[in-house]
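Trainee: pasting the sequence and the predicted model now:
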Amino acid sequence: VMMRIIKYLLGIFLLIILAGLIHWYNPEGDNLEKIREKYQSEDDRYVNVNGISAHYRISGQGVPPIIIHGNQGYGMEYDGFRKSLDKKYQVIAIDLMGHGFSENALNDDYSLANFNRYIEILMDSLHVTKINLMGHSLGGFLAMQYTKNHTDRVDKLILLNSFGGICTTRDYTPKKSMEEYLGVETFSKYFLPKELILKGLKTVMLEEPKDAELIFDILSVSKRRSYVKYLKKTFADFDRSVDFSDLPQKKLIITSDLDNTHSPCEAENLTLRLSNDTLVMIKGAKHASIRDKPKEISKVVEEFLGQ
């Protein structure tokens with residue numbers, strides 16, 4: 001009798017695992033073009049950047065704020081923000097290589113030098129002489145890099161929940177990513193546990209994203225699920241201690257009280273190390289503050305640009 005019960009329970013357990021695998025089955029593929037078509041907008045533009053088809057969205061007229069999204073983000077996250085400003089400005093939200101609707105980096109090269117080259121070529125293709133530059137998270141660090149190399153082109157700099165600050169109470173020792181555990185990378189090429197991804201997203205935003213389907217579609221593009229592994233190969237190049245104190249531009253540094261990724265402590269450190277800046281705290285928002293408090297951020301940014 002006991003053996004029958006054990007076999008019965010084992011059978012149920014195996015059925016649950018099989019049902020889960022069927023539910024999660026979503027293999028990566030070369031389907032970027034189909035996804036572009038699915039979500040196409042009249043604001044979409046594409047440009048060749050060293051052999052990579054790079055995507056951005058653009059609307060409005062005037063001196064453009066150009067937005068660089070954060071790590072594993074995409075420019076379309078800023079559609080609402082972009083539309084809130086495009087009555088006064090030409091607003092451009094780019095997709096970094098390996099993100100959104102842009103193609104992956106050639107040879108899986110996500111080094112700081114390659115990101116800098118990508119942004120420089122893309123910026124040149126826009127044919128704008130003066131810009132305001134806004135970067136979120138890792139995009140904030142890339143925005144500072146670009147400004148340092150093109151001081152004459154950038155008028156104002158906006159850093160949103162930015163990477164680059166140093167909090168003395170925090171341990172910055174690199175942690176092992178999921179892809180580095182045995183079998184996870186192979187498993188992830190064929191299966192996408194959406195519930196786990198949504199749970200992970202809740203650590204950086206207050207509510208489940210309304211564009212969850214788009215997020216899953218982007219993660220179905222070949223090699224997107226292994227992006228962190230490629231990035232970590234050269235992540236030491238993204239040095240928080242780089243001196244940006246000589247940047248003369250007016251700067252708006254925006255942090256949020258619930259951000260556990262790049263905390264208010266890091267934002268305060270950035271404020272001390274930079275010059276000519278203003279620090280603004282957004283209450284009731286996590287790291288993805290543009291999702292949690294879009295109206296508040298739009299207001300703060302518009303006031304800053306109007307100064």
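Mentor: Thanks, I have it. Numbers count the residues shown, from 1 in each chain.

Trainee: which stretches in the stretch 201-307 of the chain count as helices?
Mentor: Counting by DSSP state H, counting those that start in this stretch, residue ranges of the helices within the stretch 201-307 of the chain are 212-218, 227-232, 264-273, 289-292, 294-305.

Trainee: ranking the ones you listed by mean pLDDT, which is last?
Mentor: Across those, helix 227-232 has the smallest mean pLDDT, namely a mean of 92.

Trainee: what comes up buried for that one?
Mentor: Of the residues in helix 227-232, 227, 229-232 count as buried by neighbour count, 16 or more other C-beta atoms under 10 Å. Bear in mind the C-beta positions are built from the backbone N, C-alpha and C, glycine included.

Trainee: repeat that for stretch 3-10.
Mentor: For stretch 3-10, a neighbour-count test (16+ other C-beta under 10 Å) marks nothing as buried.

Trainee: distance-wise, check the closest residue to residue 82 other than its chain neighbours relative to residue 125.
Mentor: Spatially, and ignoring its direct neighbours in sequence, residue 82 is nearest to residue 91 (4.3 Å; C-beta to C-beta, 6 or more residues apart in numbering). Distance, residue 91 to residue 125, using C-beta to C-beta, to the nearest Å: 17 Å.

Trainee: again with residue 31
Mentor: 26 Å.

Trainee: residue 110 now?
Mentor: 20 Å.

Trainee: ok, these two, which is more surrounded?
Mentor: With neighbours defined as other C-beta atoms under 10 Å, residue 110 and residue 125 compare such that residue 110 has more, 23 against 14.

Trainee: for the more buried one, which three-state class applies?
Mentor: Look at residue 110: counting by DSSP: H, G, I helix; E, B strand; the rest coil, its state is coil.

Trainee: I'd say it and residue 226 touch.
Mentor: No: with contacts counted by C-beta atoms under 8 Å, residue 110 stays clear of residue 226, the gap being 10.7 Å.

Trainee: all strands of the stretch 101-250 of the chain, in order?
Mentor: With DSSP state E, counting those that start in this stretch as the criterion, the stretch 101-250 of the chain has strands at 131-136, 154-160, 250-256.

Trainee: need these in a markdown table with distance to residue 199 and mean pLDDT, can you?
Mentor: Shown next, in a markdown table, are the strands of the stretch 101-250 of the chain (distance: least, C-beta to C-beta, whole Å; pLDDT from 0 to 100):
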| stretch | distance to residue 199 | mean pLDDT |
| --- | --- | --- |
| strand 131-136 | 22 | 98 |
| strand 154-160 | 24 | 98 |
| strand 250-256 | 20 | 98 |
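
Trainee: no more questions from me, cheers.
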